[in-house]
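# next input, structure requested:
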Amino acid sequence: MDRRVLLLALATFVAGTAENIVIGILPDIAGSLDVSLGLAGQLTTAFSITFALAAPAALLLTARFQHKAAFLAALAAFALCNLLAAAGPGYGALFAARVGMAAASATIALLATMLATELVDESMKGRAIGVIFMGVSGSLVLGVPIGMLVCSLAGWRSVFLVLAALAVIVLVVCRSKLPDVGARRQGPPDYLAHLRSRPLICAQLVSILMISGHFVLFAYLAPYLGAVLGIVGMGTVLAFIAFGIAGVSGGYLGGLAADKLTPRRAIMLVPMGYLTALMLIPLVTGTSLSFFPVMMAWACLSWMISPAVQSFLIAMGHDTAEAGVSLNLSAMHVGVGLGTALGGVAVERVPIAYLPGIGAALAAMALIAAAAAHRGTARPAEVAAQREAGDRLA
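Residues are numbered from 1 along each chain as shown. From the prediction side, this is the model:
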């Protein structure tokens, strides 16, 4: 694989760290700005909502620019917003900087994905997307803890200074190493054509439903571990480390599955495996020894779905690939919000042990959507035959 894809993954690592870092430094921000923890927590909510709205808008705004140029501009904007966050005098300034940061992050993630697929051969596109998502998942495993360490040593403002510095370094290296790929579009991305395709819409639903099913449990994993398995303290830390390692590997494996099995098969098999893992979780809560392998399988499969779905959107909707990827980035954040909200309602009304079952119900709906997407798309050989027949008639 082209090593320059790793540079793009590093960019998504930095952007992903920015999204989640507030979670780790929340008390410091709240105390310094004299706001409540709940109000400080809205800095993450604002980021996620802005990201979901900005991904399609970013494609519209960058449509007439060459991908590399737009990508570098997004990195510059990201660095600037982090500098503003570090220098902001109060909560309002930090909130505004987080909104700008999220819009830049959405643009970085979108263009990094498109650039990665343009740097590799057709047979490697799924794995290239997988590497990009390894950057995102890696930000949860490494970026957030590193940010917490920086905060403990030099204060929360220094975290944003470090992110700005990393973005500038990535920008400089990418400017010299990335080729001028990605032609300017003559018109806006065709969102309507994408939304008219039932298989492509079903594929977007797979992302929303699977990620919702994931966050129903993942957002409340720490209390679940304590209540159901009695895992607390250092045991919880180890569980999250194991979860993170499995999640990072899932990004690459999802792309590998799309390349080796074809995107049509991958979009069916990943939700199937994911549903199986969630259904097994309540059955293996007797001991940590049995629970951890199943939890890691669940984590791995949860990160496999995004490369699988995006590979499907690119392969089966080639003419609307950019629109599909941008909408899928939004779909993922919708899934995060929906799953977290459902999990929050559930823990207030039913025993926390029921969370895997609720997640499994959403995963089952994702599998139904995947089956509809699979059946609604012709195999590549069939597509070629149809085109050939059309050419003969013409």
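# tell me the contacts of L362?
Contact analysis of L362 by C-beta atoms under 8 Å, 6 or more residues apart in numbering lists 209-210, 212-213, 216, 339, 342. For every residue, glycine as well, the C-beta is placed using N, CA and C.
# got any ranges where the stretch 251-394 of the chain has weak pLDDT?
378-394 (pLDDT under 70).
# same thing but 90
Applying pLDDT under 90 to the stretch 251-394 of the chain flags the ranges 251-252, 254-256, 258-263, 285-290, 303, 306-307, 310-311, 313-349, 375-394.
# next: the stretch 101-250 of the chain.
Checking the stretch 101-250 of the chain against pLDDT under 90 turns up 109-155, 174-197, 215-227, 229-250.
# please identify which pair of the contacts of L362 lies farthest apart.
M210 and L342 (13.4 Å; C-beta to C-beta).
# which one of those two is surrounded by more residues?
M210 (33 against 20; other C-beta atoms under 10 Å).
# spatially nearest residue to that one, not counting backbone neighbours?
Spatially, and ignoring its direct neighbours in sequence, M210 is nearest to A366 (4.3 Å; C-beta to C-beta, 6 or more residues apart in numbering).
# may I have the helix or strand where the one you found lies as CSV, with CA atoms only?
Taking DSSP states H and E as the definition, A366 sits inside helix 355-376. Output of helix 355-376 as CSV, limited to C-alpha atoms (Å, rounded to 0.1, in the frame of the first residue of the first chain):
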residue,chain,number,x,y,z
LEU,A,355,-28.1,-2.9,27.1
PRO,A,356,-26.5,-5.6,24.9
GLY,A,357,-29.9,-6.9,24.0
ILE,A,358,-31.1,-3.4,23.0
GLY,A,359,-27.9,-3.0,20.9
ALA,A,360,-28.5,-6.4,19.3
ALA,A,361,-32.0,-5.4,18.3
LEU,A,362,-30.5,-2.4,16.5
ALA,A,363,-27.9,-4.6,15.0
ALA,A,364,-30.6,-7.0,13.7
MET,A,365,-32.3,-4.0,11.9
ALA,A,366,-28.9,-3.2,10.5
LEU,A,367,-28.6,-6.7,9.1
ILE,A,368,-32.0,-6.4,7.5
ALA,A,369,-30.9,-3.1,5.9
ALA,A,370,-27.6,-4.8,4.7
ALA,A,371,-29.6,-7.6,3.1
ALA,A,372,-31.7,-5.0,1.2
ALA,A,373,-28.6,-3.2,0.1
HIS,A,374,-27.0,-6.6,-1.0
ARG,A,375,-30.0,-7.7,-3.0
GLY,A,376,-30.6,-4.3,-4.6
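# name the residues of that helix that are buried.
355-367, 369-374 (16 or more other C-beta atoms under 10 Å).
# how far out from the middle of the chain is it?
Here helix 355-376 is found 19 Å from its chain centre; the criterion is C-alpha atoms, centre = their mean, to the nearest Å.
# which pLDDT value belongs to the closest residue to M114 other than its chain neighbours?
Excluding its sequence neighbours, the residue lying closest to M114 (C-beta to C-beta, 6+ apart) is H67, at 5.8 Å. With respect to pLDDT, H67 has a value of 81.
# thought H67 was touching T117?
No: H67 lies out of contact with T117 (C-beta atoms under 8 Å); the separation is 10.4 Å.
# output stretch 224-238 in CSV with nothing but the alpha carbons.
Written as CSV, here are the backbone C-alpha positions of stretch 224-238 (Å, rounded to 0.1, in the frame of the first residue of the first chain):
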residue,chain,number,x,y,z
TYR,A,224,-21.9,-2.0,32.7
LEU,A,225,-18.6,-3.6,33.6
GLY,A,226,-19.0,-2.6,37.2
ALA,A,227,-22.6,-3.7,37.6
VAL,A,228,-22.6,-6.9,35.6
LEU,A,229,-19.0,-8.2,36.0
GLY,A,230,-17.8,-6.4,39.0
ILE,A,231,-14.9,-4.9,37.0
VAL,A,232,-13.8,-1.5,38.5
GLY,A,233,-10.7,0.6,38.8
MET,A,234,-7.7,-0.8,37.0
GLY,A,235,-9.8,-3.6,35.6
THR,A,236,-11.9,-1.0,33.7
VAL,A,237,-8.8,0.7,32.4
LEU,A,238,-7.5,-2.7,31.1
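# need the contact partners of it.
Counting by C-beta under 8 Å, 6+ apart, 217, 222, 239, 285, 288, 291, 352-353, 355 sit against stretch 224-238.
# spit out the contact partners of N82.
Contacts of N82 (C-beta under 8 Å, 6+ apart): 18, 97, 101, 160-161, 163-164, 167.
# same question, K260
Residues near K260 by C-beta under 8 Å, 6+ apart: none.
# which element is it on?
Here K260 is assigned to helix 234-261, by DSSP H and E.
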